[in-house]
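Undergrad: Sequence and predicted model, in that order:
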Amino acid sequence: MNYDAIVIGAGPAGYVCAIRLAQYGKKVAVVEKQYVGGVCLNVGCIPSKALIQAGKLLKKIREADVMGITAAKVELDVAKLVAWKEGVVGKLTGGVSGLLKNHKVDVHTGTARVVARDKVEVTGADGKPQVLQTANVVVATGSSPIEIPGFAFDGKHVWSSTDALRPTAIPRRMVVIGGGYIGLELGLTYRNLGTEITVVEALDRVLPGMETDLSKEMGRFLKKKGVPVFLNSKALGYRVEKDGSLVLEAEVEGKKQSFPCDVVLSTVGRRPNSKGLGLEELGVKVERGFVQVDKRRQTNVPGIYAIGDVAGQPMLAHKGSHEGLVAAAAIHGDKGAAYDPACIPAVIFTDPEIASVGLGAEEAKAAGFEPVEGRFPFGASGRALSLNEPEGWVKVIADKATDRVLGVHMIGPEVTELVAEAALAIEMGATAGDLAQTIHAHPTLPEAIMEASEAIHGMAVHIFQTPKKH
């Protein structure tokens, strides 16, 4: 069968690209070896957020006595929780399958290999290969969790992020290897569900890839919560005791230390799924596992594109979806199609939440700007206080010469929702004055962005700032 395009992978990059191509009137096929919706919908973004929400709700119920609400005998039914989570996943993946069908996108189940610039071989469960002819190939194969020596994933003693999303019981003690966003999201979720967690991180701070102040603030929150965090530490291995419990061995700042636990959650990062696709044999450039692409998301081999995690950092679903739209437009013939975002927001569903978009102060200096910043604490927000979540702050960074917003960084209640306003401001070239002069509804959390923008000019109303000399 001949296609205008074959998309390999049906995750948030792949299925978005396929649907957009179909909207352009193209004959499209998707090849998916495991499940429609990819990691994100099945064992990533969506199921993890479902568990995170359940954990936060349980925490809120336990802390509701400050509002005069006391709930007796709060119990967690793990099987029912997992079933609810699977129901959420099922609705979304079923919806994506329906959209592909309605757009007349052919879905082939199996493992794909690009055997020529215009041919994709698909091997199904029966082991029989089928060769599909196509004018274009879009690689959207995503990424997989990294295993470290001594901690092979077995779903029992050592969990991957996927294993953590389908518990049969809530462990009493957990050691989280890796203080990045996945480790902290899942670790703090299990803490809300009743697990004692310990974090072992190889670098000198948690969330090492995030803006510095956010990383430091999360470190302070973890300390305040009483979560043991061991930095500059390397997990070496573990042993199983006679009673079935585990003991993790680690090197903490040069000294060996033991950590009793019931399960190890290993979350040290992900690697791109580029092996076995036949790309390098065709001359496609691949570096450190990432397929190299231009602004149109096309590789050095004409007609072969790559999008999503496999096409480079950041490994974020929304980045992959946007790339899918760009690649589809390029294949359609749009000469202006280009991946050139002004910013890409990053959100972390920890407790409290974190959101960041644009440049940090040091990045801004390196880029030639003279950054100025304004900060507003959620402790001065009426809405945050009414939610009983007064922790955290919003920081807006602008260029002193032009007042243009360069970055917005937040930690606190529902900041994963607030970041959209900040991303739009940067994308459209708005100034801090634009944000400050925009009337925000009261009482709402986004008012903190307005006040932080006012703070840049020393004019925030709901916090005291030393008056400027006029």
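TA: Alright, I've got the coordinates. Owing to the predicted nature of the structure, the values given are computational and were not obtained by experimental measurement.

Undergrad: for this structure, what's the longest helix?
TA: Longest helix in the chain, counting residues (DSSP state H): helix 78-102.

Undergrad: Next, name the residue at the spatial heart of the protein.
TA: Leu316 (5.2 Å; CA atoms, centre = their mean).

Undergrad: Give me the phi and psi angles of that residue.
TA: The phi and psi values for Leu316, taken as degrees, to the nearest 10, are phi -130, psi 140.

Undergrad: Would you map the helices across this structure?
TA: 14-23, 38-43, 45-62, 78-102, 161-164, 181-192, 212-225, 317-332, 361-366, 382-386, 415-427, 432-437, 447-456.

Undergrad: Output the contacting helices and strands for the last one.
TA: In this structure, helix 447-456 makes packing contacts with strand 371-377, strand 393-399, strand 405-412, helix 415-427, helix 432-437, judged by 3 or more CB pairs under 8 Å, 6 or more residues apart in numbering; DSSP states H and E. For the C-beta atoms, the positions are set from N, CA and C on the backbone; glycine is no exception.

Undergrad: And for the shortest one?
TA: In this structure, helix 161-164 packs against helix 181-192, with contacts taken as 3+ CB pairs under 8 Å, 6+ apart.

Undergrad: Near the residue nearest to Arg297 when sequence neighbours are not counted, how many other residues are there?
TA: Nearest non-adjacent residue to Arg297, counting by CB to CB, 6 or more residues apart in numbering: Ala327, 4.2 Å away. The local packing of Ala327 (other CB atoms under 10 Å) involves 33 other residues.

Undergrad: likewise the one 3 residues further on?
TA: By the other CB under 10 Å criterion, the neighbourhood of Ala330 contains 22 residues.

Undergrad: can I see the domain layout of the protein?
TA: 2-145+271-332, 158-268, 346-456 (automatic domain parsing).

Undergrad: so which of those domains comes closest to Asp340?
TA: Among the domains of the chain, the nearest to Asp340 by CB to CB is domain 2-145+271-332 (6.1 Å).

Undergrad: Quick one: mean pLDDT over that closest one.
TA: Averaged across domain 2-145+271-332, the pLDDT comes to 96.

Undergrad: in the longest helix of the chain, what counts as buried?
TA: Residues 81-82, 85, 89, 92-93, 96-97, 99-100 are the ones in helix 78-102 that count as buried (16 or more other CB atoms under 10 Å).

Undergrad: for stretch 312-328, same thing?
TA: 312, 315-328.

Undergrad: measure the closest residue to His442 other than its chain neighbours to Ser453 for me?
TA: Once flanking residues are discounted, His442 sits nearest to Gly382: 7.6 Å by CB to CB, 6+ apart. Using CB to CB, to the nearest Å, Gly382 is found at 18 Å from Ser453.

Undergrad: Between the two, point out the one with more neighbours.
TA: Ser453 (30 against 13).

Undergrad: And the pLDDT at the more buried one?
TA: Looking at Ser453, the pLDDT reads 98.

Undergrad: Would you mind measuring from it to Ile411?
TA: 17 Å.

Undergrad: Just the closest of the buried residues of stretch 312-328 to Thr444, please.
TA: His318 (23.4 Å).

Undergrad: distance of the closest one from Pro352?
TA: Counting by CB to CB, the gap from His318 to Pro352 is 21 Å.

Undergrad: repeat for Gln298
TA: 41 Å.

Undergrad: list the buried ones in stretch 29-39?
TA: 29-33, 35-39.

Undergrad: residues in contact with it?
TA: 1, 3, 5-15, 18, 42, 44, 46, 89, 92-93, 96-97, 100, 105-112, 120, 122, 132, 134, 142-143 (CB atoms under 8 Å, 6 or more residues apart in numbering).

Undergrad: rerun that using 6 Å as the cut-off
TA: By CB atoms under 6 Å, 6 or more residues apart in numbering, the residues outside stretch 29-39 that reach it are 3, 6-8, 10-11, 18, 42, 93, 96-97, 105-108, 111-112, 122, 142.

Undergrad: What of stretch 70-80?
TA: By CB under 6 Å, 6+ apart, the surrounding residues in contact with stretch 70-80 are 61, 169.

Undergrad: What is the burial count for Val199?
TA: 23.

Undergrad: Which residues are in contact with Ala432?
TA: Applying CB under 6 Å, 6+ apart to Ala432 gives the contacts 396, 398, 403, 405, 453, 456.

Undergrad: Please report the distance of Gly124 from His440.
TA: 54 Å.

Undergrad: out of those two, which sits in the more crowded spot?
TA: His440 (16 against 13).

Undergrad: thinking that one is in contact with Glu451, fair?
TA: No - with contact defined as CB atoms under 6 Å, His440 does not reach Glu451; the gap is 8.9 Å.
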